[in-house]
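Q: this one's sequence-less:
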């Protein structure tokens, strides 16, 4: 159930960050959703890693949740202290590279296929963030904004809602 909760808000923050990248939300405002989602995902990760039923799989899930939580918290901090985001860009490369074997292992294990496809999409999205932030490829800003919105809807908002309603399962 906590995966649906986390994904729903990851969808929200990705959609809002996409709108922000397109220039329709101010820097001084976008940190709110990033801190909220980052904090929520940290709580989910801590429960997953240290809860009464924690096991190897739940600790792995916690580590994966923290990849996202830390990204959103870092985005929020960057908007408050007004830096160029190169450090975050290099972290995004770490996330993108980590997402690839996660997707491959899900495909190899036979699923859930929707989650394997999500990890593949997140690898691409975080790679684009690396290009944008660490390498300073500003010409990708509009593309990354639209990609972020689409990825947020398809990989997080919709599956998060479906998981919460019991329509989709892991």
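A: Sure thing, it's come through. Because the structure is predicted, anything quoted here is derived from the model rather than measured. Numbers count the residues shown, from 1 in each chain.

Q: contacting residues around the residue of the chain positioned farthest from its centre?
A: Centroid-distance maximum for the chain: residue 52 at 25.7 Å, with CA atoms, centre = their mean. Taking CB atoms under 8 Å, 6 or more residues apart in numbering, we find residue 52 in contact with no residue. From N, CA and C alone the C-beta is placed, and that goes for glycine too.

Q: how near is it to residue 6?
A: Separation of residue 52 from residue 6 (CB to CB, to the nearest Å): 19 Å.

Q: equivalent analysis for residue 145, please.
A: Applying CB to CB to residue 145 and residue 6 gives a distance of 23 Å.

Q: looking at these two, which is more packed in?
A: Remark: of residue 145 and residue 6, residue 6 carries more neighbours, 24 against 19, as counted by other CB atoms under 10 Å.

Q: wait, the more buried one sits on residue 40?
A: Yes. Residue 6 is within contact range of residue 40, at 6.8 Å (criterion: CB atoms under 8 Å).

Q: give me the neighbour count for the closest residue in space to residue 30 that isn't next to it in sequence.
A: Once flanking residues are discounted, residue 30 sits nearest to residue 20: 4.4 Å by CB to CB, 6 or more residues apart in numbering. By other CB under 10 Å, 22 other residues sit near residue 20.

Q: how near is residue 20 to residue 28?
A: 11 Å.

Q: how distant is the strand or helix carrying residue 152 from the center of its chain?
A: Per DSSP states H and E, residue 152 falls inside helix 141-152. Relative to its chain's centre, helix 141-152 lies at 13 Å (CA atoms, centre = their mean, to the nearest Å).

Q: hmm, who's touching it?
A: So helix 141-152 is contacted by 10-15, 17-22, 121-122, 124-125, 128-129, 132 (CB under 8 Å, 6+ apart).

Q: in the helix or strand following that helix, what's buried?
A: Following helix 141-152 in sequence order, the next helix or strand is helix 158-165 (DSSP H and E). Going by neighbour count (16 or more other CB atoms under 10 Å), the buried part of helix 158-165 is 158, 159, 160, 162, 163.

Q: for helix 158-165, packing partners?
A: Packing partners of helix 158-165 (3 or more CB pairs under 8 Å, 6 or more residues apart in numbering; DSSP states H and E): helix 2-21, helix 113-133.

Q: tell me the first helix or strand C-terminal of the shortest one.
A: I take that to be helix 2-21. Next along the chain after helix 2-21, taking DSSP H and E as the criterion, comes helix 27-50.

Q: okay, now residue 32: neighbour count?
A: 14.

Q: please tell me how far it sits from residue 79.
A: In this view, residue 32 and residue 79 are 9 Å apart by CB to CB.

Q: on that earlier part again, buried deepest among the helices and strands packed on helix 158-165, which one?
A: helix 2-21 (a mean of 22; mean count of other CB atoms under 10 Å).
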